[in-house]
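1. Mind folding the following:
(one chain, ligands or ions: 1)
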Amino acid sequence: MDTAKLESAVKLIRKAKYTVAFTGAGISVASGIPPFRGKNGLWNKTSPIFLEIEFFNKKPLQSWKKIKEIFYDSLGDAEPNIAHEVLAKMEKRSFLESVITQNIDHLHQKAGSKYVYELHGTYKQLVCTECSSEYDMSFADLNYLPPTCYICKGILKPDMVFFNEPIPPFAKKRSFEEAEKADVFLIIGTNAEVLPAADIPVTAKKHGAKIIEINIKETHFTREITDVFLQGEAAEIMKQIGKLLYL
Ligand SMILES: [Zn+2]
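-> Residues are numbered from 1 along each chain as shown. Now for the predicted structure:
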């Protein structure tokens, strides 16, 4: 690893008044959660049609069977890794204001982060398709699919963003506000190729933030907006950053 680059990134973080992190699948790989896209991505093995909102609405049982298998049978046991933990400690020690994540795995909160904006929602909560009541997933018995609402018997849907569904307005609004305020912006484990997520780091840059990017490979950000590129696994690099910040 490039020590000089690592040190210059840490220096930026120490000097910053408002640091924001933006995370994606790469940060959860060390927690055993496979990325969706890319060579070993889930979508290479399973067609994501069951995550299309039209399919869910038409065939909720079929969709739920797949969703349970892919998300609910494994995510509950997943634990945050050192990268999530370092971000949570940074927040506690006032080195970090918030985390914007594209992950639905709830691992930032599990690690202790308080200000987390989930652009793609969360698997942890279910929402009624009829009356919009919300439930923690621990209230649902997934042995009986599809789970239904206690109030109106409507079908419950995971509160994550399905294909062809819009980004939750509150998370979107807060993410852009955080990006505008940031003077240091960390991109961790994501190439965010999809809009509007891809625009968030660009917004930070336009408003004067220094961009620190942690990714295993260069991305379109690296060429266009990144000031310090730290190449490697999120867990490994964040561990080093944690050490240099004496967390
Ligand atoms: Zn309901």
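
2. and the nearest residue to residue 16 once chain neighbours are set aside, what is it in contact with?
-> Take residue 16 and drop its neighbours on the chain: the residue closest to it by Cβ to Cβ, 6 or more residues apart in numbering is residue 184, 3.8 Å away. Yep, even glycine has a C-beta here, placed from its N, CA and C like the rest. Going by Cβ atoms under 8 Å, 6 or more residues apart in numbering, residue 184 touches 12-13, 16, 18-20, 209-210, 212.

3. any low-confidence regions in this structure?
-> Where the chain drops to pLDDT under 70, the residues are 36-45.

4. Need the residue in it that's farthest from the chain's center.
-> residue 152 (31.3 Å; Cα atoms, centre = their mean).

5. Tell me if that one really is in a helix.
-> No. Counting by DSSP: H, G, I helix; E, B strand; the rest coil, residue 152 is not part of a helix but coil.

6. Ramachandran angles for the residue nearest to residue 16?
-> Backbone geometry at residue 184, expressed as degrees, to the nearest 10, gives phi -130, psi 130.

7. Same check on residue 91?
-> Torsion angles, degrees, to the nearest 10, at residue 91: phi -60, psi -50.

8. try residue 52
-> Residue torsions, per degrees, to the nearest 10, at residue 52 are phi -80, psi 140.

9. For the closest residue to it other than its chain neighbours, which residues are in contact?
-> Spatial nearest neighbour of residue 52, excluding adjacent residues (Cβ to Cβ, 6+ apart): residue 163 at 4.5 Å. Listed by Cβ under 8 Å, 6+ apart, the contact set of residue 163 reads 48, 51-53.

10. Mind checking which of these are buried?
-> 51-52 (16 or more other Cβ atoms under 10 Å).

11. Extract the C-alpha trace of the lengthiest strand in the chain and format it as CSV.
-> Counting by DSSP state E, the longest strand found in the chain is strand 121-128. The C-alpha coordinates for strand 121-128 follow below in CSV (Å, rounded to 0.1, in the frame of the first residue of the first chain):
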residue,chain,number,x,y,z
GLY,A,121,-33.6,1.4,1.8
THR,A,122,-33.1,-1.5,4.2
TYR,A,123,-33.9,-5.2,4.4
LYS,A,124,-34.4,-4.7,8.1
GLN,A,125,-37.8,-3.2,7.8
LEU,A,126,-41.0,-4.3,6.0
VAL,A,127,-43.7,-2.0,4.7
CYS,A,128,-47.3,-2.8,3.9
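
12. All set now, cheers.
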